[in-house]
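1. Requesting a structural model of the entry that follows:
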Amino acid sequence: MMRFNIPYDLNRIIEKKIIQYSGKIPLSKIKILVAYSGGIDSSILLNIVNRLSKTMNFKYDFVYINHHMTLNDKNILKYSRQFTKKK
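-> So this is what the prediction gives:
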C-alpha cells in the first residue's frame, strides 16, 4: 500500500468533520462514501478515511468511474483495489 506522509493536522481536520457531520448518529452506524478520482488529493483522502475507519469504527466505501481518459488508468485501479475488502 502506498504510504503518504500526511500532516497530523489534516488527519485531525477530517476526523473532526466526520464527527461533526455524523451529528448524534453513532459512528458505528454511519457509512461514508468517498468520490475517488485517482488524483493525489482523493488518494490521500481515501488513505485517511481508511485509517480513521479502523480507529473510529465507521464504515466507508468509495466510487471510482473509469472514463479511460488517462494513461494512468491501470495504476489508479491497482491503487484503489488496496482499499477493497476481499471476499
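2. And Ile18, how far from Arg81?
-> Relative to Arg81, Ile18 is positioned 24 Å away (Cβ to Cβ, to the nearest Å). C-beta coordinates here come from the backbone N, C-alpha and C atoms, glycine included.
3. Just say helix, strand or coil for the residue lying closest to Tyr60 once chain neighbours are set aside.
-> Distance criterion Cβ to Cβ, 6 or more residues apart in numbering; nearest residue to Tyr60, sequence neighbours excluded, is Ile32 at 4.3 Å. Secondary structure, DSSP: H, G, I helix; E, B strand; the rest coil: Ile32 is strand.
4. ok, Ile32 - contacts?
-> Residues in contact with Ile32, defined by Cβ atoms under 8 Å, 6 or more residues apart in numbering, are Ile18, Val49, Ser53, Phe58, Lys59, Tyr60, Asp61.
5. how distant is the host helix or strand of Tyr79 from the center of its chain?
-> Following DSSP states H and E, one finds Tyr79 within helix 73-81. With Cα atoms, centre = their mean, to the nearest Å as the basis, helix 73-81 stands 14 Å off its chain's centre.
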